[in-house]
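Asks: Give me a 3D structure for the following:
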Amino acid sequence: MLIALLLALSLVAAACGGADSGSSDDSAASGDGLFRDSGSDGDAEGSFADDAASSDDGSSGDDGGDDGDAEGNFAPPATVPAASGAAGGGDSGDDAMAEDDGGYAEAPASSAAPPADGNGLFDDDSRDADAENPDEEDIDVTTRDNGIRGFVETDEDPESTFALDVDTGSFTIGRRYIEQGQLPPPESVRVEEYVNAFDYDYDSPDDEALGIFIDGGPSPFDDDNYLLRIGIQGERVRESDRPDAHLTFVVDTSGSMDRPDRLDLVRESLTLLVEELDDDDTVSIVTYSDSSGVVLQPTRVRDEDEILDAIDDLRPGGSTNLEAGLRTGYALASEVHEDGDINRVILASDGIANVGLTDPEGLADLIRADADRGIQLVTVGYGMDGFNDVTMEQLADNGDGFYAYVDSIDEAERLFDENLTSTLLTIALDAKIQVEFDEDVVREYRLIGFENRGVRDDDFRNDDVDAGEIGAGHQVTAIYEVEFVRGVDTDDRRERLGEVNLRWEDPDSGDVTEIDENISMRDIEEDWTDTDETFRLATVVTSFAELLRDSPYADAIDYDQLVTEASALADDLGGDDLDQLVDLLAEADRLA
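Replies: Prediction:
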């Protein structure tokens with residue numbers, strides 16, 4: 001009897017030990033990155049993902065337009081209030097893809113997730129797909145489905161033209177979703193705003209307000225393709241060299257702002273901004289709810305206590321008459337407008353408008369004439385439940401400014417302290433890019449992102465067409481995926497791929513400048529490990545955004561790969577932004 005009991009206990013102990021061993025084997029499977037083959041002998045240099053998705057999905061290169069401008073045919077936007085985790089906003093997604101033949105690929109309806117069969121590069125079965133997040137809450141953000149660009153055949157349309165965009169709001173909103181335990185709705189993800197949220201350390205231009213930077217490397221989306229990075233760097237201006245600033249804060253004090261992450265955070269943000277201004281700058285404050293009113297007449301910052309008292313006295317209540325707030329704010333800004341100085345209206349709001357003019361297009365039209373006179377608009381978004389991303393983005397576009405979203409005091413510090421001069425001083429108006437590819441070298445290409453920033457090719461030199469505005473020190477990064485013509489020798493470093501043309505207007509003189517830069521094969525590295533670290537960062541962020549928006553071109557990408565690459569970059573480059581990116585990728589992996 002005793003012998004039998006001892007034998008049984010030994011069998012139980014052996015079974016427990018075996019379970020522990022198997023668990024550790026599973027956890028070791030997630031150590032490879034975008035271009036590392038987990039089945040190899042450990043020499044990962046230059047090896048590509050074996051199961052990369054083919055771009056030949058039926059959407060490639062289908063122009064559909066009679067004028068040869070495949071990228072000019074944009075899908076009509078659909079505005080949808082997006083609940084958390086929504087895959088595509090219902091029928092509005094179909095409307096947005098109605099012009100799919102204009103260079104757009106139709107995104108699948110389901111949210112992005114690693115292959116269910118576990119046969120990708122990273123086999124990690126430790127995730128519980130059915131796990132519930134106890135902190136998950138409903139979030140209601142009104143956003144717009146702009147579609148997804150597909151491949152364009154170069155021999156049908158060699159030119160790709162778009163307005164520059166320095167907005168970052170889409171990334172910050174996506175970060176807020178993930179930190180609250182939910183994936184952002186795919187239609188809320190604008191790839192370029194995710195990429196813009198990171199610094200790529202481009203060199204300052206030598207002689208002009210803007211400079212062009214070009215490099216490239218292998219594509220993680222298809223092992224036959226390459227990514228091309230086009231970076232635009234604005235000249236850096238020292239804080240002491242900027243002109244005086246005349247700022248008019250237009251603050252939403254309606255009942256919907258009565259939350260800690262809204263009006264309380266607005267007060268903290270504006271206080272931070274005022275403390276960074278110079279004595280000769282001026283601040284005015286307008287509030288709006290049912291109607292609008294002037295809380296603070298234009299006041300020099302040397303009287304800082306008076307300004308801070310007015311900010312501290314802001315109280316919520318009432319409906320939301322955004323139209324009245326904008327009208328009063330711009331009227332007050334006009335009183336202190338000075339040519340050659342910085343003249344800005346800064347709108348702090350959740351984007352909701354339910355009294356007076358409420359549609360984004362009508363509100364945007366209100367401010368167009370003032371923007372042409374040199375009073376530019378920065379829109380700063382707060383809150384999530386009911387937040388209107390469409391209104392805030394469209395107002396900034398029409399107001400010749402930019403759109404940011406503040407979800408924490410850290411983000412406010414980045415916007416109003418670390419990047420204050422970029423936030424205030426515009427160095428280029430109506431900035432736009434035209435990339436012309438050589439059809440003898442590039443078979444097809446796709447611009448990743450910028451779906452709602454397209455400019456028709458023949459309007460590139462039409463200076464009446466509104467484009468993008470760039471602040472001092474701002475960066476813009478565009479990523480193209482390209483497939484070369486069969487037989488092109490990638491080892492011929494002299495091979496010319498095309499040309500980048502950049503055009504903008506000087507905000508002071510009104511003079512228009514155009515510069516260009518050749519794209520050659522020497523700009524593109526064959527092996528992933530030979531690429532610049534900041535190129536790898538841009539690739540990881542682009543891949544992250546493509547996964548989040550359910551891009552059909554991201555089927556070969558897995559969150560585990562991105563976590564590995566981002567972790568290596570965080571070790572090499574350092575910085576809180578990269579550490580945060582690693583955490584976001586890991587949490588998105590858990591949520592997917």
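
Asks: quick one: the helices in the stretch 401-550 of the chain?
Replies: Remark: helices assigned in the stretch 401-550 of the chain by DSSP state H, counting those that start in this stretch are 409-413, 420-424, 533-548.

Asks: any idea how far the second one is from the chain center?
Replies: The one in question is helix 420-424. 18 Å (Cα atoms, centre = their mean, to the nearest Å).

Asks: Other residues contacting it?
Replies: 234, 237-239, 242, 245, 247, 273, 276, 342, 344, 378, 415-416, 471-474 (Cβ atoms under 8 Å, 6 or more residues apart in numbering). All C-beta atoms are positioned from the backbone trio N, CA, C, and that covers glycine.

Asks: With only the CA atoms kept, save that helix in PDB.
Replies: Only the C-alpha atoms of helix 420-424 are listed here, as PDB (Å, rounded to 0.1, in the frame of the first residue of the first chain):
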ATOM      1  CA  LEU A 420       6.300  75.700 -28.300                       C
ATOM      2  CA  THR A 421       8.000  77.500 -31.300                       C
ATOM      3  CA  SER A 422       6.800  74.800 -33.700                       C
ATOM      4  CA  THR A 423       3.300  75.200 -32.300                       C
ATOM      5  CA  LEU A 424       3.300  79.000 -32.700                       C
END
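
Asks: circling back to that earlier point, closest one to Ala554 among the helices of the stretch 401-550 of the chain?
Replies: Ala554 lies closest, by Cβ to Cβ, to one member of these: helix 533-548, at 4.0 Å.

Asks: what does stretch 318-328 contact?
Replies: Contacts for stretch 318-328 (Cβ under 8 Å, 6+ apart): 250-256, 286-294, 345, 347, 349, 352-358, 363, 366-367, 391.

Asks: Now list the buried members of these.
Replies: Burial by neighbour count, 16 or more other Cβ atoms under 10 Å: within the contacts of stretch 318-328 this picks out 250-254, 256, 286-289, 292, 345, 347, 349, 352-353, 355-358, 363, 366-367, 391.

Asks: So which of those sit within helices?
Replies: Leu363, Leu366, Thr391 (DSSP state H).

Asks: between these, which is nearest Ala163?
Replies: Nearest member of those to Ala163, counting by Cβ to Cβ, is Thr391, at 19.1 Å.

Asks: In contact with the residue nearest to Val250 when sequence neighbours are not counted, which residues are there?
Replies: Leaving aside its sequence neighbours, Val250 sits nearest to Gly329 (Cβ to Cβ, 6 or more residues apart in numbering; 3.8 Å). Gly329 makes contacts with Thr248, Phe249, Val250, Val286, Ser292, Val345, Leu347, as judged by Cβ under 8 Å, 6+ apart.

Asks: Return the item of those residues having minimum pLDDT.
Replies: In terms of pLDDT, the weakest of the contacts of Gly329 is Ser292, which scores 92.

Asks: Quick check: it touching Ile285?
Replies: No - counting by Cβ atoms under 8 Å, Ser292 sits too far from Ile285 to count as a contact (11.1 Å).

Asks: on that earlier part again, just the buried ones from the contacts of helix 420-424?
Replies: The buried subset of the contacts of helix 420-424 - by 16+ other Cβ under 10 Å - is 234, 237, 242, 245, 247, 273, 276, 342, 344, 378, 415-416, 471-474.

Asks: For beta bridges, what are the partners of the spatially closest residue to Phe437 that is not a sequence neighbour?
Replies: In this structure, Phe437 finds its nearest non-sequential neighbour in Gly498, 4.1 Å apart by Cβ to Cβ, 6+ apart. With DSSP bridges as the criterion, Gly498 is bridged to Phe437, Ile519.

Asks: What's the per-residue pLDDT of Gly498 here?
Replies: pLDDT, Gly498: 97.

Asks: Run through the residues that contact it.
Replies: Gly498 touches Pro158, Val435, Glu436, Phe437, Asp438, Val441, Val442, Asn518, Ile519, counting by Cβ under 8 Å, 6+ apart.

Asks: Ok, Ser520 next?
Replies: Counting by Cβ under 8 Å, 6+ apart, the residues that Ser520 touches are Arg493, Arg494, Glu495, Arg496, Leu497.

Asks: can you tell me the distance between the two ends of stretch 552-559?
Replies: For stretch 552-559, the first-to-last residue distance is 15 Å (Cα to Cα, to the nearest Å).
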